[in-house]
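Asks: Turn this into a model:
(2 chains)
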There are 2 protein chains.
Amino acid sequence: MVEHIAVIGCGAAGATAALQARKFNRNVEISVFNSEPYSQYSRCGLPYTISGKVGTFEDLVLMPPDNWGTLKIDAKLGVTVTDIDHSLKEITYSGKGGDGVQSYDALIFATGAENADPPIKGLDKTRVYGLRTLADAKALSIEADKAKTAVIVGGGLVGMEAAEAFHERGLDVTVVEFLPHILLAMVDSDMAAIVEEHCIEHGLKILTNTAAQEITGKDSPKTVVIKNRNTEEVSEIPTDFVVVATGVRPVTKLAEKVGVETGTSRGIKTNEKMMTNFDQVYACGDCAENFEFVTRKPMAGGLGTIAVRQARVAGINAAGGDVTFPGIVGAKVTKLFGLEIASTGFTEDMANRFEIPIVKGSMKGSTKPPYYIGGKELKLKTFYNKETGKLVGGQLVGEEDAAMRLNVLTLGIQQNIDASELFDFENCYAPAICDTWDPLVSSADAARRRLKI
Amino acid sequence: MVEHIAVIGCGAAGATAALQARKFNRNVEISVFNSEPYSQYSRCGLPYTISGKVGTFEDLVLMPPDNWGTLKIDAKLGVTVTDIDHSLKEITYSGKGGDGVQSYDALIFATGAENADPPIKGLDKTRVYGLRTLADAKALSIEADKAKTAVIVGGGLVGMEAAEAFHERGLDVTVVEFLPHILLAMVDSDMAAIVEEHCIEHGLKILTNTAAQEITGKDSPKTVVIKNRNTEEVSEIPTDFVVVATGVRPVTKLAEKVGVETGTSRGIKTNEKMMTNFDQVYACGDCAENFEFVTRKPMAGGLGTIAVRQARVAGINAAGGDVTFPGIVGAKVTKLFGLEIASTGFTEDMANRFEIPIVKGSMKGSTKPPYYIGGKELKLKTFYNKETGKLVGGQLVGEEDAAMRLNVLTLGIQQNIDASELFDFENCYAPAICDTWDPLVSSADAARRRLKI
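Replies: Below is the predicted model:
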């Protein structure tokens, strides 16, 4: 019988785990330890505090600290867990929120991820930021008020959302991306090229295939030294401040210390119960590794949707329940300058890595029937396993209804449908909404013919 | 070996059947007979020619007559099939487009539906219209230019879309609905009430539970006499013209004449090959009856999406192929004054009629996370079979992303998922798009708890 659950971390994963444990079990004691002085806030919302699409920082806080008491959850905020003795089942913590030792029966790691600093000189200067915490966002909002130019190193989701935000605040923004295209962890090159063109048309500067080498300046940035990886040409971009958004790595130090195993993704290995190699020790969210849905191969989530779903499973199981996490499809969306970018399951690159031969259905369609005003161009691709015909991924880019269409593909992957079943999908139709054959269905049709199913 | 396929009707169903037959079989002869002088145009687009959201009538014509020749399809437009001799396999036709006899090996009925006139006196007056043909829409566009007031009898999809169109053109519009709410063939009363409130707020007059009894006036309408079905009070609404949109019935006269069977829905009975009780005689679209997806009980489609999907099956099978139609889920959507209304599978009323006990997941959610600007309220319900937990229907009403969310439910019904599987759905998430737990998922969660699965 579990008497006390300790949750380390109070982001989306930690807070959800604690809440779900409480929902499942009214009597178990629950304590949550968070190094930040806040409890759960939306990390994904941070870029929008800069642009003003999120009104105030307080709006992002999803769990006001007072609520924990009501739930009989002991939330220790501004407290760092410094040590764990798993033989005694005790954690030691200290910080502004207090010092002490807490014993536990079940332990949940929800320690998240941290920025992985790239090999760039001058990262230690002032006015060089990450964008991962509420404190980062507050500092960057002040920059948006006073600075005129910004360089964003890294054209992934966070980098691009930050770039859009500063551009909307009137800054001259340059994105420096090491790879041949932005967003390559999310979409294929052809889709990324469409997004780049769109963002450039809206006034962003994007330098792809470009390495940021050094941030010059005395205390704060003066320029960023960049090298074009094609031409090897070196040049400098003047800037008032720099945001580094080159990716994150799971925070696993404490877990590793007590012998909890990490996997190939560097996240904490978990099974379908979100349990680690130790009984009654769980991990969830950005610190955890679980399984890719189709191949069941190891994969880290790194997404809010995954974090809360894994956390629910970890929380309930820690509290005495028995639920399972179905695996990670990895649906990812964002919106940049009005353009929705959506991807689920495998990209072509992932399919290659997983050695899954694929057949594609590529389409340029419209969100509405051709005769109705205001339809937007929709570029989409769906991917199928060449041997089984099963749907394994898809991407859409368009100024409306790209993300919501993605949901159909994600459910399709989760239901293991093939191209023929997606072709049989009865999409909704009305002139003001969508045509009789949705572009998704047409894309499945193209693939189905190629697959001869 | 089929040498000649005759298709009667050239709406969405007939045109698609002919095209798909040609795609499948390059050599078969195909003739299409259409009583209207046009070939396929979007019937659903007609209301929008009035409001101007469809630019010109020509925009609605999806298949310019010249294209038929290129496809080696003999399209006889403005021609009525007057007789069929199925023992000789010959059809007789006449009209402006020519007279003659055509022999066939395979026959496809795509005769559509026609307005079913309600028991109202004075329907024979001028300026009393249906809204089913391009000719109707052209006449109504002229009314929109000259009239000041309109009465729409019937608050179904066509009636409401017409009412919106005339309102947008500046007319004073009253909708008279016999039943307690508008749109009851599509949504339940609670959802319909939301739509009514929204339309009334936007300036429409809606009289529910009201019988239109008579259209007064000498040659053209002066008033519509109505009776409140609750109070039995009789009154008159002055109007310049009247649109009657009280539903349609399948056109089956020719088919019945040769012994083709019709079913309980009054449509032509078809199997999963879209074949009637006669070998090589098919029916598709609004004239056909097929199967409701979940119960496999007889059902008429009456939707453009269903028409083209059935027609594809009929066309390919008539041309020597072997494909099947999976059954009708019945996804229906529209948009009225910016409000999306979406329904799929069973309504509560349908569930009662099919004697399927259901469990509901009802939700009031938002299309976006609470902290992000501009999210719209979303009211939704999902329905599950009480015994099996399987998803059997759902409805959404909201100012954005209601229809696209419906698609997830429709695919879910087609994939036979239960509440637990919908709860496991990995919806996409980004602040600008949707929250981590989509309202659909929360609705499944509520039902899952009730179902104890």
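
Asks: Report the contact partners of the residue in chain A that chain B sits nearest to.
Replies: Closest residue of chain A to chain B, Cβ to the nearest Cβ: A:Met404 (3.3 Å). All C-beta atoms are positioned from the backbone trio N, CA, C, and that covers glycine. Residues counted as contacts of A:Met404 (Cβ atoms under 8 Å, 6 or more residues apart in numbering or on different chains) are B:Asp401, B:Met404, B:Arg405, B:Asn407, B:Ile433, B:Cys434.

Asks: Regarding it, what is its secondary structure?
Replies: Recorded secondary structure, A:Met404: helix (DSSP: H, G, I helix; E, B strand; the rest coil).

Asks: List the buried residues for whichever strand or helix holds A:Lys381?
Replies: Applying DSSP states H and E as the criterion places A:Lys381 in strand A:377-385. Neighbour-count burial for strand A:377-385 flags A:Leu378, A:Lys379, A:Leu380, A:Lys381, A:Thr382, A:Phe383, A:Tyr384, A:Asn385 (criterion: 16 or more other Cβ atoms under 10 Å in any protein chain shown).

Asks: Keep these, but drop any that are not near chain B.
Replies: Among the buried residues of strand A:377-385, no residue sits close to chain B (Cβ under 8 Å from any Cβ of the partner chain).

Asks: can those go into TSV with extra columns for distance to A:Met274 and pLDDT?
Replies: Formatted as TSV, these follow (distance: Cβ to Cβ, whole Å; pLDDT from 0 to 100):
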residue	distance to A:Met274	pLDDT
A:Leu378	36	98
A:Lys379	36	98
A:Leu380	33	98
A:Lys381	32	97
A:Thr382	30	98
A:Phe383	28	98
A:Tyr384	30	98
A:Asn385	27	98
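
Asks: can you tell me how far the residue nearest to the spatial centre of chain A sits from B:Ala430?
Replies: With the centre of chain A defined as its mean C-alpha position, the nearest residue by Cα atoms, centre = their mean is A:Leu303, 3.3 Å away. Look at A:Leu303 and B:Ala430: by Cβ to Cβ, to the nearest Å, they are 10 Å apart.

Asks: still on that earlier bit, can you pull the contacts of the residue nearest to the centre of chain A?
Replies: By Cβ under 8 Å, 6+ apart, A:Leu303 lies in contact with A:Gly330, A:Ala331, A:Lys332, B:Tyr429.

Asks: try A:Arg22
Replies: Going by Cβ under 8 Å, 6+ apart, A:Arg22 touches A:Val28, A:Ile30, A:Leu71, A:Lys72, A:Ile73, A:Ala319.

Asks: Next, give phi and psi for A:Phe33.
Replies: Here is the backbone geometry of A:Phe33 (degrees, to the nearest 10): phi -120, psi 130.

Asks: Model confidence for it, exactly?
Replies: pLDDT for A:Phe33: 98.

Asks: Same question for A:Ile417.
Replies: Each residue has a pLDDT score; the one for A:Ile417 is 98.

Asks: Look at A:Val359 and tell me its secondary structure.
Replies: Quick answer, by three-state DSSP: A:Val359 is strand.

Asks: Spit out the contact partners of it.
Replies: By Cβ under 8 Å, 6+ apart, A:Val359 lies in contact with A:Phe383, A:Tyr384, A:Asn385, A:Lys386, A:Gly389, A:Ala419, A:Ala447, A:Arg450, A:Leu451.

Asks: any idea how far it lies from B:Val260?
Replies: Relative to B:Val260, and taking Cβ to Cβ, A:Val359 is found at 40 Å.

Asks: ok, back up a step: make JSON lines out of the contacts of A:Val359 and add distance to A:Thr82.
Replies: Output for the contacts of A:Val359, formatted as JSON lines (distance: Cβ to Cβ, whole Å):
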{"residue": "A:Phe383", "distance to A:Thr82": "46"}
{"residue": "A:Tyr384", "distance to A:Thr82": "50"}
{"residue": "A:Asn385", "distance to A:Thr82": "47"}
{"residue": "A:Lys386", "distance to A:Thr82": "52"}
{"residue": "A:Gly389", "distance to A:Thr82": "53"}
{"residue": "A:Ala419", "distance to A:Thr82": "53"}
{"residue": "A:Ala447", "distance to A:Thr82": "54"}
{"residue": "A:Arg450", "distance to A:Thr82": "57"}
{"residue": "A:Leu451", "distance to A:Thr82": "56"}
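
Asks: Among the residues you listed, which pair sits farthest apart?
Replies: The span of those, defined through Cβ to Cβ, is set by A:Asn385 and A:Arg450 at 12.5 Å.

Asks: The stretch 251-400 of chain A: helices as residue ranges?
Replies: Taking DSSP state H, counting those that start in this stretch to define them, one finds helices in the stretch 251-400 of chain A at A:253-257, A:304-318, A:348-353.

Asks: Could you point out which of those helices sits nearest A:Leu60?
Replies: Judged by Cβ to Cβ, the one of the helices of the stretch 251-400 of chain A that comes nearest to A:Leu60 is helix A:304-318, at 12.3 Å.

Asks: May I have that closest one as CSV, with CA atoms only?
Replies: Output of helix A:304-318 as CSV, limited to C-alpha atoms (Å, rounded to 0.1, in the frame of the first residue of the first chain):
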residue,chain,number,x,y,z
GLY,A,304,3.1,18.9,-23.8
THR,A,305,0.4,16.5,-25.0
ILE,A,306,2.7,13.6,-24.4
ALA,A,307,3.8,14.9,-21.0
VAL,A,308,0.2,15.2,-19.6
ARG,A,309,-0.8,11.8,-21.0
GLN,A,310,2.2,10.1,-19.6
ALA,A,311,1.8,11.9,-16.3
ARG,A,312,-1.7,10.8,-15.9
VAL,A,313,-0.6,7.2,-16.3
ALA,A,314,2.3,7.6,-13.9
GLY,A,315,0.2,9.4,-11.3
ILE,A,316,-2.6,6.9,-11.4
ASN,A,317,-0.3,3.9,-11.3
ALA,A,318,1.8,5.4,-8.4
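
Asks: now it, how far from the centre of its chain.
Replies: Chain-centre distance of helix A:304-318: 15 Å, with Cα atoms, centre = their mean, to the nearest Å.

Asks: Which elements pack onto it?
Replies: On a contact count with 3 or more Cβ pairs under 8 Å, 6 or more residues apart in numbering or on different chains; DSSP states H and E, helix A:304-318 meets strand A:4-8, helix A:12-24, strand A:106-109, strand A:281-283, strand A:288-291.

Asks: any chance of these in JSON lines, plus distance to B:Asp66 and mean pLDDT?
Replies: Shown next, in JSON lines, are the helices and strands packed on helix A:304-318 (distance: least, Cβ to Cβ, whole Å; pLDDT from 0 to 100):
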{"stretch": "strand A:4-8", "distance to B:Asp66": "70", "mean pLDDT": "98"}
{"stretch": "helix A:12-24", "distance to B:Asp66": "58", "mean pLDDT": "97"}
{"stretch": "strand A:106-109", "distance to B:Asp66": "68", "mean pLDDT": "98"}
{"stretch": "strand A:281-283", "distance to B:Asp66": "65", "mean pLDDT": "98"}
{"stretch": "strand A:288-291", "distance to B:Asp66": "55", "mean pLDDT": "98"}
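
Asks: That concludes my questions; thank you for your assistance.
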